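Asks: prediction below, plus the sequence it came from.
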Amino acid sequence: MFTGHFQRFMPYVTPHGHRFLAGEMSIPSPVGLSGGPLFRPRAHQMVLGVAAGNVDTYSVLDSILDVDDAGKEYRERNVRVIRYGVAVMLSEVTDWLDEQVPPLI
């Protein structure tokens, strides 16, 4: 079991064009976790979302700009890659879920 937090909620579009409300997680989604349930501690019976993948961003740690004798600029950056997990929030896809698995009466 992995423990993390939702940092924010945002509209998200996958590289394949699927759109959904995403929960950005404080931890990356390990390989093979996609589709895994996300729930609150002490409320395992209520699934909030499913892991969908990761988003990478970066933070520039330092940057160097050099200019050669011909005036051509060369910039070197030292960056840190930051990876966040992305989850499909199930509250926004209830109609689709009900079509796929009709609710019990």
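Replies: The structure has been received and is ready for your questions. Numbering: from 1, shown residues only.
Asks: what ranges does this protein have for its strands?
Replies: 6-13, 19-25, 37-40, 43-67, 73-89 (DSSP state E).
Asks: give me the angle between the second one and strand 73-89.
Replies: Between the direction of strand 19-25 and that of strand 73-89, the angle (axes from the mean of the first three to the mean of the last three C-alpha atoms, to 10 degrees) works out to 100 degrees.
Asks: buried set for strand 19-25?
Replies: Under the neighbour-count criterion of 16 or more other C-beta atoms under 10 Å, strand 19-25 has 20-25 buried. (Each C-beta comes from the backbone N, C-alpha and C, glycine too.)
Asks: quick revisit: ok, which of the strands of the chain comes nearest residue 104?
Replies: Between residue 104 and the strands of the chain, the tightest spacing by C-beta to C-beta is seen for strand 43-67, at 14.3 Å.
Asks: report the central residue of the chain.
Replies: A centroid search over the chain (C-alpha atoms, centre = their mean) returns residue 86, at 2.3 Å, as the residue closest to the centre.
Asks: distance check, that residue against residue 75.
Replies: If you measure residue 86 against residue 75 using C-beta to C-beta, to the nearest Å, the figure is 30 Å.
Asks: coming back round to it: just put the strands of the chain in CSV and tack on distance to residue 103.
Replies: Written out in CSV, the entries for the strands of the chain read as follows (distance: least, C-beta to C-beta, whole Å):
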stretch, distance to residue 103
strand 6-13, 24
strand 19-25, 20
strand 37-40, 18
strand 43-67, 14
strand 73-89, 18
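Asks: where's the residue of the chain positioned farthest from its centre relative to residue 51, distance?
Replies: No residue in the chain has its C-alpha farther from the mean C-alpha position than residue 69, which lies at 44.3 Å (C-alpha atoms, centre = their mean). Taking C-beta to C-beta as the measure, residue 69 falls 52 Å from residue 51.
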